[in-house]
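Q: quick one: sequence and predicted model below, then my questions.
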Protein chains: 2
Amino acid sequence: MSEKRPTIVDIARLLGVSHSTVSRAFTHPQLLSPRTVELVRTTAADLGYIPNRSAQALSTGRPGVIGLLVPDITNPFFPPMIRAAQRVAERRGISVYIGESDNDPERELALISRFERQVEGFIIASSRLSETALRGATERVRSVLVNRDLAGVPRVLLPAGEELRRAIADFADHRAHGAAGLAAGGRVAYVGGPHRSWSQGERRAAVEEACREHGVPVTVSSCEVGTYRESHRIGEALEVAAGDLVIAFDDVIAHGLFDALTARGLRIPEQVMVLGCDGALPVETSPRLPTVRLAASGAGRRAAEMLLDAADPERVELPASLVRWPLS
Amino acid sequence: MSEKRPTIVDIARLLGVSHSTVSRAFTHPQLLSPRTVELVRTTAADLGYIPNRSAQALSTGRPGVIGLLVPDITNPFFPPMIRAAQRVAERRGISVYIGESDNDPERELALISRFERQVEGFIIASSRLSETALRGATERVRSVLVNRDLAGVPRVLLPAGEELRRAIADFADHRAHGAAGLAAGGRVAYVGGPHRSWSQGERRAAVEEACREHGVPVTVSSCEVGTYRESHRIGEALEVAAGDLVIAFDDVIAHGLFDALTARGLRIPEQVMVLGCDGALPVETSPRLPTVRLAASGAGRRAAEMLLDAADPERVELPASLVRWPLS
DNA sequence: TTGAAAGCGGTACCAG
DNA sequence: CTGGTACCGCTTTCAA
């Protein structure tokens, strides 16, 4: 396998032209006579010529690759983002290195220094780095952040706060009017995610603010790892009563809570409502859980475009949508 | 950002040695005096030297990258595989290009030709290519297949057949003894996946054979796209009665069927059992569905090792395990 | 044990 | 419009 593939020199020799001509036929065809371009291109195709990216990278200084860093590829939120970014890159002839930090800042930093020399830039999703570390990295390599709000660095944010506030407002409203089996004393229980991330802060703050504003009591707890299994355990002990609204950091946690609460005999959504976040699970439950659906694909696409088109709009927010919400 | 990073020439000049010496300090330290090696290495570290992979690739002819092709990155089966392969590659200083074919043979082929010149080899998971096309590709570039059984090409297989047979044997057994609410007339309904893949054939064949062998009537149908939504719709119309066993191609389909059947008033698993495959969902249902859990991570790891260590054992099967199965 | 020099496969500048 | 040539950063003979 892998016979020696033809280079521009082979093509040049075959055509009796200089290899610069062959190169130009691909990179600056305007400088050449249409006939020459045509000739070069067809023989190149005949020979099965494919440019050597390493050589191009070396001579242009542009590697033709971007790095995409995620904390956890098995979190269903990321694959759609990866896919979208990849599609954009592909259309521009650019490849994507995938790097997974495993939620570990050390590993994230290691990945960055491992790749920084080889890529045109990074898309760093849900970075676990400290502000200092992240700023240092982004100063060395062109980067676009996803779900991290660092002033001065291009970033795409998927805030869920607005929709969470809406949900809580609806909840407070129904509660006040004693509608639909909601007891007057209903509370909100927020179960946060495992990491200190921008999303974490944003969602929690929104929940707390909205509850304060609407005079709804709220309790806050957190996961350590964020798996279904763990949140199920949390749900077994969670202080919840009929009339409450349980808000989870994400859909996986929401599902664990949902199942645990159901097992405790609480009827959902009639007695207790469970609201998740992300909207990227490949499966649903029955009854289907409401969620704040985030534009993961949109974020991947936008981030890639910002990175590759070097566009300026440096802080982009993509709207979320509250779906399957029974109170609106 | 991106100041000019130091090259071996910078280090060489600083030390008053030739740049070949610097190069050797990294690639063939045995050839140098320990003092020189030490000297070069420390000043390299001081300067923050990072080798330029493109240059290395160009001069050695080895790109230091492998390509990992999957049909659908949002299918929860693949991320653990990607992660595992990535870890192995990383440990060897090799990066991973991720490519998604979107279940489209054309796209898969396009990705292959786009990458083949830039990678040391491919891991091709669940290829959708015809045998001819795939053989052509694997002749040009070193490749390891996952879940595709092409003689002569190194491959890692995750067969589910044995465990499916076991499940059906259990089912037939219980049915014969009229145990646990299983009506004597119970049947097996197999709902296949959307693609003609090796796994598809393997699972379906196993189900049909085992049913024939045990004298259990079986019906076979198929998904067109394989989403939760679609399989839910299929479940609404599926011909099922109390005492039946429903086997789905994967867990996503199983969940759709499960919810639809539950909505039809069938109690699961008391009246109807639903068995999935893969065991990679980030969430579970309640009651938790049994599944044939495949070693996705193991496959990623093995495939990467086979590719990078150029080892010979060319056909590897990784065992599956039937989990949460109520009849064993 | 080290240096000099020739590539690897392209790009891009300078002439003509 | 096209050819000649230097160069990108590193590896690898070949000599010394």
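A: Structure's in. What do you need?
Q: quick one: contacts of stretch A:144-158?
A: Under the contact criterion Cβ atoms under 8 Å, 6 or more residues apart in numbering or on different chains, stretch A:144-158 has outside partners A:81, A:121-127, A:131, A:134-135, A:138, A:143, A:197-199, A:294-296, A:299-300, A:302-304, A:306-307, A:313-318, A:320. C-beta here means a position set from N, CA and C on the backbone, and glycine is covered the same way.
Q: likewise for stretch A:287-298?
A: A:77-78, A:80-81, A:83-84, A:158, A:160, A:163-164, A:167, A:251, A:254-255, A:258, A:268-269, A:273-280, A:318-326.
Q: report the buried members of these.
A: Buried members of the contacts of stretch A:287-298, counted by 16 or more other Cβ atoms under 10 Å in any protein chain shown: A:77-78, A:80-81, A:83-84, A:158, A:160, A:163-164, A:167, A:251, A:254-255, A:258, A:268-269, A:273-280, A:318, A:320, A:322, A:324-325.
Q: please name the residues that touch residue A:220.
A: Residue A:220 sits next to A:189-190, A:192, A:204, A:207-208 when contact means Cβ under 8 Å, 6+ apart.
Q: try it again at 10 Å.
A: A:188-192, A:204, A:207-208, A:211, A:247 (Cβ atoms under 10 Å, 6 or more residues apart in numbering or on different chains).
Q: shouldn't it be within a helix?
A: No: Residue A:220 is assigned strand when assessed by DSSP: H, G, I helix; E, B strand; the rest coil, not a helix.
Q: sorry, back to before: now, the buried ones among the contacts of stretch A:287-298 that are in strands?
A: A:273-278, A:322 (DSSP state E).
Q: identify the farthest-apart pair in these.
A: Within these, A:273 and A:278 form the most distant pair, 17.2 Å apart (Cβ to Cβ).
Q: near chain B at all, whichever strand or helix holds residue A:67?
A: Using DSSP states H and E, the element containing residue A:67 is strand A:65-70. Yes: against chain B, strand A:65-70 shows contacts by Cβ under 10 Å from any Cβ of the partner chain at A:65, A:67-68, A:70.
Q: and if you look at stretch A:226-246?
A: Yes: Stretch A:226-246 reaches chain B (Cβ under 10 Å from any Cβ) through A:226-229, A:231-232.
Q: mind listing what's buried in that stretch?
A: For stretch A:226-246, using 16+ other Cβ under 10 Å, the buried residues are A:226-228, A:230-232, A:234-235, A:238, A:240, A:243-246.
Q: tell me which two in the residues you listed are the farthest apart.
A: Farthest apart among these by Cβ to Cβ are A:227 and A:243. That separation is 28.1 Å.
Q: which pLDDT value goes with the nearest residue to residue A:229 once chain neighbours are set aside?
A: Of all residues not flanking residue A:229 in the chain, residue A:256 sits nearest, at 6.9 Å (Cβ to Cβ, 6 or more residues apart in numbering or on different chains). pLDDT, residue A:256: 95.
Q: for residue A:256, give me its contacts.
A: A:191, A:223, A:226-236, A:248, A:274, B:283-284, B:286.
Q: quick revisit: what packs against the strand holding residue A:67?
A: helix A:78-91, strand A:95-100, helix A:105-115, strand A:121-125, strand A:143-146, helix A:296-308, strand B:95-100 (3 or more Cβ pairs under 10 Å, 6 or more residues apart in numbering or on different chains; DSSP states H and E).
Q: partner strands of that strand and their direction?
A: With DSSP bridges as the criterion, the sheet partners recorded for strand A:65-70 are strand A:95-100 (parallel), strand A:121-125 (parallel).
Q: that one relative to helix A:105-115, how many degrees between them?
A: Angle between the axes of strand A:65-70 and helix A:105-115 is 170 degrees (criterion: axes from the mean of the first three to the mean of the last three Cα atoms, to 10 degrees).
Q: tell me where the model's unsure across the stretch 1-150 of chain A.
A: Scanning the stretch 1-150 of chain A for pLDDT under 70 picks out A:1-3.
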